[in-house]
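Visitor: build me a model:
(one chain, ligands or ions: 2)
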Amino acid sequence: MAKFITIEGGEGAGKSTVLRTIQNYLQKKKIEHIITREPGGTVLAEKIRSLLLEQSDEVLLPESELLLFFASRHQHIQHKIKPALEKSLWVVSDRFVDASFAYQGAGRGLDDKRIQYLKEWLVGDLRPDHTLLLDAPPAIGLDRVKARGNLDRIEVEQIDFFNRVRHYYLELADKEPTRFHIIDTRLSLENVEENVQVWLRRIAV
Ligand SMILES: Nc1ncnc2c1ncn2[C@@H]1O[C@H](COP(=O)(O)OP(=O)(O)O)[C@@H](O)[C@H]1O
Ligand SMILES: [Mg+2]
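Guide: Ligands and ions are numbered 1, 2, ... in the order given. The predicted structure follows:
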């Protein structure tokens with residue numbers, strides 16, 4: 001059975017890095033898969049991604065931000081994720097719906113119930129089989145992001161915002177221990193990679 005795997009975590013937690021490890025593993029095992037990301041993943045969803053990440057003089061209101069994330073996600077689910085799973089391809093996505101609860105809910109302070117409503121409406125019963133949570137204190141992730149180059153509209157938030165995001169993710173992982181696996185990305189790249197491999201061997205049967 002094709003699996004749907006999502007990677008979550010803060011800015012610079014190492015999602016893109018870990019995604020390459022997962023891709024190499026699946027290639028080696030000859031498991032057919034697609035690697036994708038949120039926001040984005042389709043042509044139109046990538047355009048919405050640009051709207052979400054570019055800095056602008058006009059404030060993007062939290063409600064607009066939430067709706068744009070879900071608009072992008074809806075395109076992504078209907079045009080890419082579901083068709084791939086129906087073809088028995090594994091789908092590995094850099095972020096998914098958990099990120100809306102963490103960022104727009106815990107981070108921006110929007111009511112969970114509104115996010116839940118959008119989730120039930122637009123995501124329905126599509127649920128990741130496994131979610132890898134990459135965890136590191138926001139200061140570490142942000143330093144890594146800064147070393148990487150220009151910051152996007154979300155990366156320029158205050159540290160408190162990222163602390164709320166991190167705590168939300170950790171609480172969620174605690175509530176859903178069978179879906180979530182947490183990897184501490186304060187560790188060296190070698191250690192993180194090794195932990196990802198161990199996890200993959202466990203879930204990829
Ligand atoms: N465990 C790690 N130790 C040191 N540097 C790391 C580690 N994981 C990622 N990095 C580096 O930190 C930066 C951000 O990582 P990235 O995978 O792009 O994070 P994300 O996709 O979560 O924003 C990259 O330059 C990456 O090489
Ligand atoms: Mg990334």
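
Visitor: which residue, other than its chain neighbours, is closest to residue 29?
Guide: residue 204 (6.6 Å; C-beta to C-beta, 6 or more residues apart in numbering). Just so you know, the C-beta spots here come from the backbone N, C-alpha and C atoms, and that holds for glycine as well.

Visitor: which residues sit in contact with that neighbour?
Guide: Shown in contact with residue 204 (C-beta atoms under 8 Å, 6 or more residues apart in numbering): 3, 25, 26, 29, 31.

Visitor: in TSV: those, plus pLDDT.
Guide: TSV is the format used below for the contacts of residue 204 (pLDDT from 0 to 100):
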residue	pLDDT
3	97
25	96
26	97
29	95
31	96
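
Visitor: ok, and the most crowded of the residues you listed?
Guide: Using other C-beta atoms under 10 Å as the neighbour criterion, residue 26 leads these with 20 neighbours.

Visitor: sec struct for it, please.
Guide: helix (DSSP: H, G, I helix; E, B strand; the rest coil).

Visitor: that one touches residue 33, doesn't it?
Guide: Yes: proximity of residue 26 to residue 33 meets the contact threshold set by C-beta atoms under 8 Å, at 4.7 Å.

Visitor: what do these two both touch?
Guide: 90, 92.

Visitor: enumerate the residues of this structure near ligand 1.
Guide: With C-beta under 6 Å from any ligand atom as the criterion, the chain meets ligand 1 at residues 9, 11-17, 144-145, 148, 185, 187-189, 192.

Visitor: just the residues you listed: which has the poorest pLDDT?
Guide: Lowest pLDDT of the residues of the chain next to ligand 1: residue 148, 85.

Visitor: rewinding a little: so which of the contacts of residue 204 comes closest to ligand 1?
Guide: For the contacts of residue 204, the residue nearest ligand 1 by C-beta to the nearest ligand atom is residue 25; the value is 16.1 Å.

Visitor: which residues of this protein fall in strands?
Guide: Remark: strands assigned in the chain by DSSP state E are 4-9, 33-37, 90-94, 130-135, 180-184.

Visitor: and those strands as TSV, adding distance to ligand 2 and mean neighbour count?
Guide: Listed next are those as TSV, based on distance: least, C-beta to the ion, whole Å; neighbours: other C-beta atoms under 10 Å:
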stretch	distance to ligand 2	mean neighbour count
strand 4-9	9	24
strand 33-37	8	19
strand 90-94	6	22
strand 130-135	10	22
strand 180-184	15	19
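
Visitor: could you dump those into TSV and include distance to residue 113?
Guide: Below are those laid out as TSV (distance: least, C-beta to C-beta, whole Å):
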stretch	distance to residue 113
strand 4-9	21
strand 33-37	27
strand 90-94	25
strand 130-135	22
strand 180-184	22
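
Visitor: so which of these comes closest to residue 66?
Guide: Proximity to residue 66 (C-beta to C-beta) singles out strand 4-9 among these, at 16.9 Å.
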